[in-house]
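**Q** below: sequence and its predicted model.
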Amino acid sequence: MMQNHISPDKEDQMIELAYQNLLNGYLSSNHRKKVEVIDKAFKFARDAHQGIRRRSGEPYILHPIAVATIVSQEIGLGSTSISAALLHDVVEDTDYTVEDIEAQFGQKIARIVDGLTKISGGIFGDKASLQAENFRKLLLTMSEDIRVVLIKMADRLHNMRTLSSMPANKQYKIAGETLYIYAPLAHRLGLYAIKTELEDLSFKYNHPAEHKRISELIAASEESRNELFARFSAPIRERLDNMGLKYEFNTRVKSCFSIWNKMQTKHIPFEEVYDLYAARIVFECDDESAEKRICWNIYNEITEVYAKHPDRVRDWLTTPKVNKYRALHVTVMGPDGNWVEVQIRSRKMDDIAERGFAAHWKYKIGESEEEDELAAWLGTITDILKDPEPNAIDFLDTIKLNLFASEIVVFTPKGETMTLPKGASVLDVAFILHTDLGTHCIAGKVNHKLVPLSYKLSGGDQVEILTSQSNTPKAEWEKYLVTAKGKTRLRSALKHQRRLIIEEGEKRFMEFLKQHNIEFSNEVLSQAITRQRIANKEELFFLIGNGEIALNEDLVSKKEHGSRINWWRRNPFRGKEEPKKTTEEATEAVDTKAVYPLTTRNGISNYQIADCCHPIPGDDAVGFLNDAGRVVVHKMDCPTLARLKASYGSRLIQTQWQDSTDRFLATIHIEGIDQKGILQSIVNIISTNMSINMKRMNVTADQGVFSCDLDVLISDAKVVTNLCRGIKKIKGVNSASRMS
Ligand code: MN
């Protein structure tokens, strides 16, 4: 251990030096100089961790100092955060409590330390749901004070920088977690430099050999790269000099991780990664109003020297990224015939791009509290957290989508811009604009063309929402929504609507009793509930309000008989003469070896077809008992089912298709070379087959390539197989297969 080699005096010196470095950095920042509280926090932490060492052998206090230094110098936070960072492991690792911290440092710092202590465990447990739960905790803490997450980020960065002292299996786990959660989160927070470093460090520990190889290749190609850049940049420099600009023109080699990523996704060797580096022009400019114009002037000069790639101009000036990134990117053909990306930024834009929040304080005129700066960013997160949805896995999906998905920008008819996650629909836009607009949305107009509310938007689309006052929200809309705000608003609208139906049902029930001179009592109520084999009075009133339970004598009379229809319809375990159980109880009662017959009577099925995979008779299918007690049938290989299986394995039920006259929806995807009559031939095959009913046909022909999505109603999988076989025989058709 190191302690044997370094004298206590030397160690104290080391600690003092590290702390002085932290203070000096803070004093040269634009923050108010509140050294006193930082000093107090340092001494408190130093004494609390006294005698404790990190795995590497160095005194423990060096870790909190390092974290505080990152918080100050790389993230740019002030005294509150620096103090909290110094104290971040005190409650976790020593006998001090949050109350002690509060007594010494006040509520603000104590709260942050408390938040950091709560999320100190790994984000990942052994189970998917646990991991989601921890992530939720992290974000909840974040909504209270975003500094918790920023400090956590610094903590993680320092742990990654010193990961080599950990045992290999821990390295692997921590590196994986960093890549999965922390790097994307850093990106979303605008901490670009930290994100890149986290990715590269994770990569180094996850794929050490690859990392070494790529580092060596980058080093080996340096000379030729420099030569090439000199040739490329010379004519541009001449022009920029003539413009009278003060600027830096450098190259930035891609990180090992992103090079490796490119090699993986494009299946190419290192030598073929042509955009190994990006060129970057950073110009000095005191006049903020001139920044944009200068960027475009530089762009003009460059494109007069080199041919530009028609699709690779990125204007992040007019519409900055959500993480505040601003720049102008252009890709041009260099003298050696390779494409080179040139990023054009002012000094300020460059600072923001590299350091995220840190840069904001640097340019702040006058003093401002950290709180104000961070408040705006919290908007999105708070929206997501308002969602009362208890299902942790859905929550994880939603939040991952919103935090990490790439973004598109669309326009309102008035020309206002709106930034959305990729995959957002017309309905998302409607709900984001206003809940009322969402609930009454019937369709949209995208670029003046009428589209359904499920229509997925592309960047640059102009979107208009069409509404009808008589329209009500539908539960199945949820699958069209990807934004957290949209989902949250739909859910609360549905709840509100359900409330109204329940009230209506209760009113009708009371009126019915009155008409039949029956006095209302809890007995009457519970009798009705028992006879319908349902869970509670809300459910009873809801079904009455919805017209699903008829109000008749059977419901409330004293005679011991009742309608059975709701029983077998609503309860998959009919035949067992027991009152309705809660889902959890019912699950225990399931004999998983028994086979549940999928049948339909009088047009009512005892099961539901899953929207995700649309199984049809003949498919290998499995039933899943949902929260409402219904059996939802999934295909055996459905990814959604796999996810459910992981968390609720005991709710799976073996199923068997029974003969029925039902028709099921299947989608067939056809591709081929566009030929005259190809469509007619397909339609012919379908229309001559009596057992197939065509619901929708969506044909596109692009530069001679024909593709067609066909929705058909059929009786079972065999019919689809035969249909595909028939279609494949048509001249020009390359493939025809069922889609899931
Ligand atoms: Mn720590």
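**A** Good, I have the coordinates.
**Q** how about the residues of the stretch 601-740 of the chain by the ion?
**A** Within reach of the ion by Cβ under 5 Å from the ion, the stretch 601-740 of the chain has no residues at all. Every residue, glycine included, has its C-beta placed from N, CA and C.
**Q** quick one, strands of the stretch 601-740 of the chain?
**A** Ranges of strands within the stretch 601-740 of the chain are 604-605, 608-609, 621-625, 631-635, 652-657, 664-673, 693-702, 705-714, 733-739, based on DSSP state E, counting those that start in this stretch.
**Q** I'd like the average pLDDT over the first one.
**A** It refers to strand 604-605. Average pLDDT, strand 604-605: 78.
**Q** packing partners for that strand?
**A** When contacts are defined as 3 or more Cβ pairs under 8 Å, 6 or more residues apart in numbering; DSSP states H and E, strand 604-605 packs onto no helix or strand at all.
**Q** quick revisit: save the strands of the stretch 601-740 of the chain as JSON lines, and put in mean neighbour count and distance to Met349 too.
**A** Output for the strands of the stretch 601-740 of the chain, formatted as JSON lines (neighbours: other Cβ atoms under 10 Å; distance: least, Cβ to Cβ, whole Å):
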{"stretch": "strand 604-605", "mean neighbour count": "13", "distance to Met349": "59"}
{"stretch": "strand 608-609", "mean neighbour count": "16", "distance to Met349": "52"}
{"stretch": "strand 621-625", "mean neighbour count": "22", "distance to Met349": "50"}
{"stretch": "strand 631-635", "mean neighbour count": "23", "distance to Met349": "49"}
{"stretch": "strand 652-657", "mean neighbour count": "18", "distance to Met349": "53"}
{"stretch": "strand 664-673", "mean neighbour count": "18", "distance to Met349": "45"}
{"stretch": "strand 693-702", "mean neighbour count": "12", "distance to Met349": "38"}
{"stretch": "strand 705-714", "mean neighbour count": "19", "distance to Met349": "41"}
{"stretch": "strand 733-739", "mean neighbour count": "16", "distance to Met349": "44"}
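**Q** and these: which comes nearest Tyr299?
**A** Ranking these by proximity to Tyr299 (Cβ to Cβ) places strand 693-702 first, at 31.5 Å.
**Q** can you lay out the strands of the stretch 601-740 of the chain as a markdown table showing distance to Leu77?
**A** Shown next, in a markdown table, are the strands of the stretch 601-740 of the chain (distance: least, Cβ to Cβ, whole Å):
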| stretch | distance to Leu77 |
| --- | --- |
| strand 604-605 | 58 |
| strand 608-609 | 51 |
| strand 621-625 | 46 |
| strand 631-635 | 47 |
| strand 652-657 | 48 |
| strand 664-673 | 51 |
| strand 693-702 | 51 |
| strand 705-714 | 51 |
| strand 733-739 | 50 |
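**Q** closest one to Asp287 among these?
**A** strand 693-702 (47.0 Å).
**Q** give me the contacts around the closest one.
**A** Residues from elsewhere that reach strand 693-702 (Cβ atoms under 8 Å, 6 or more residues apart in numbering): 663, 665, 674, 679, 683, 686-687, 706-714.
**Q** between those, which is nearest Val733?
**A** For these, the nearest to Val733 is Phe706 (8.2 Å; Cβ to Cβ).
**Q** phi first, then psi, for the closest residue to Ala278 other than its chain neighbours.
**A** Of all residues not flanking Ala278 in the chain, Glu341 sits nearest, at 4.4 Å (Cβ to Cβ, 6 or more residues apart in numbering). When read as degrees, to the nearest 10, the backbone of Glu341 gives phi -90, psi 130.
**Q** before we move on, back to that, confidence-wise, which of the strands of the stretch 601-740 of the chain is weakest overall?
**A** strand 604-605 (a mean of 78).
**Q** who does that one pair up with?
**A** strand 600-601 (antiparallel) (DSSP bridges).
**Q** for the protein, name the helix or strand with the lowest mean pLDDT.
**A** helix 565-570 (a mean of 37; mean pLDDT, DSSP states H and E).
**Q** mind picking the two most distant members of the contacts of strand 693-702?
**A** Arg663 and Asp674 (30.5 Å).
**Q** how about the strands in the stretch 251-400 of the chain?
**A** Assigned by DSSP E, counting those that start in this stretch, the strands in the stretch 251-400 of the chain fall at 277-283, 308-315, 328-333, 339-346.
**Q** now those strands in CSV, with distance to the ion?
**A** What follows is these, written out as CSV (distance: least, Cβ to the ion, whole Å):
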stretch, distance to the ion
strand 277-283, 34
strand 308-315, 37
strand 328-333, 37
strand 339-346, 34
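**Q** where among those is the average confidence lowest?
**A** Per-stretch mean pLDDT for the strands of the stretch 251-400 of the chain is lowest at strand 308-315 (a mean of 83).
**Q** contacts for it?
**A** 299, 302, 327-333, 339, 341.
**Q** whatever residue of the stretch 151-300 of the chain ends up closest to the ion: how many residues sit nearby?
**A** As assessed by Cβ to the ion, the ion sits closest to Asp155 within the stretch 151-300 of the chain, at 4.3 Å. Here the number of neighbours of Asp155 (other Cβ atoms under 10 Å) works out to 23.
**Q** near the ion, which residues of the protein? Just list them.
**A** Within the chain, the positions adjacent to the ion are 89, 155 by Cβ under 5 Å from the ion.
**Q** centroid-wise, who is the farthest residue in this structure?
**A** Asn517 (56.2 Å; Cα atoms, centre = their mean).
**Q** residues contacting that residue?
**A** Asn517 neighbours (Cβ under 8 Å, 6+ apart): none.
**Q** tell me which element it is part of?
**A** Assessed by DSSP states H and E, Asn517 sits outside every helix and strand.
**Q** let's see the pLDDT reported for it.
**A** 84.
**Q** for it, give me phi and psi.
**A** phi 50, psi 40.
**Q** so what's Glu197 up against?
**A** For Glu197, the contacting residues are 157, 160, by Cβ under 8 Å, 6+ apart.
**Q** and the next helix or strand past the one helix or strand it maps to?
**A** According to DSSP H and E, Glu197 maps onto helix 192-206. Scanning forward in sequence from helix 192-206 by DSSP H and E, the next helix or strand is helix 208-220.
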